[in-house]
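# Sequence unavailable; structure follows:
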């Protein structure tokens, strides 16, 4: 390759284009009035969309409130049923534990009924008494359930 000699690069025939030195001012696409009008239009559309969304949210909130009100008796009945099942388990466990004790009567403490009061109304047992024959973690998970929500 060295034998071919040195070849100078030259400009193409006809030369290069002239360099444009003049200042070019860009064409404005939006005037101040058109920008302000676009802002007003966009804001108006956004407020209308917000109003419709707020109306939809209120309707959904009302439906959810009605659903909660409708389901509360069912949930209360289920909770009462589970409560009675647990009390039955407690009574059966007490009978099993105290079967060898002479004169022991289930539901009494030294011969006096535990759940007796003057007006003969039911008294909800204390948490420790209700979960007397359950594990600590069962009691903990039920009593701390409110903290999870």
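Ah, there it is. Computed from a predicted model, the values in this text were never measured in an experiment. Numbers count the residues shown, from 1 in each chain.

# Could I get the full set of strands for the protein?
Residue ranges of the strands in the chain, as given by DSSP state E, are 108-109, 112-113.

# And those: which comes nearest residue 23?
Of all the strands of the chain, strand 108-109 sits nearest to residue 23, with 102.5 Å by CB to CB. C-beta: built from backbone N, CA, C; applies to glycine.

# Just list what the closest one packs against, helices and strands only.
Contacts defined by 3 or more CB pairs under 8 Å, 6 or more residues apart in numbering; DSSP states H and E place strand 108-109 against no helix or strand at all.

# What pairs with it, parallel or antiparallel?
Paired strands of strand 108-109, with direction, are strand 112-113 (antiparallel) (DSSP bridges).

# Run the chain-centre distance for the partner strand.
47 Å (CA atoms, centre = their mean, to the nearest Å).

# who touches stretch 141-149?
The set of residues external to stretch 141-149 that reach it, using CB atoms under 8 Å, 6 or more residues apart in numbering, is 127, 131.

# what mean pLDDT does it have?
Per-residue pLDDT over stretch 141-149 has a mean of 75.

# Same question for stretch 89-100.
88.

# Mind listing what's buried along it?
residue 90 (16 or more other CB atoms under 10 Å).

# now what about that stretch, what contacts it?
Residues contacting stretch 89-100 (CB under 8 Å, 6+ apart): 104, 106, 107, 130, 132, 133.

# got a winner among those for most neighbours?
residue 130 (17 neighbours; other CB atoms under 10 Å).

# Just to check, it is in contact with residue 87?
Yes. If you go by CB atoms under 8 Å, residue 130 and residue 87 touch, sitting 7.5 Å apart.

# tally of neighbours for residue 75?
Neighbourhood size, residue 75 [other CB under 10 Å]: 10.
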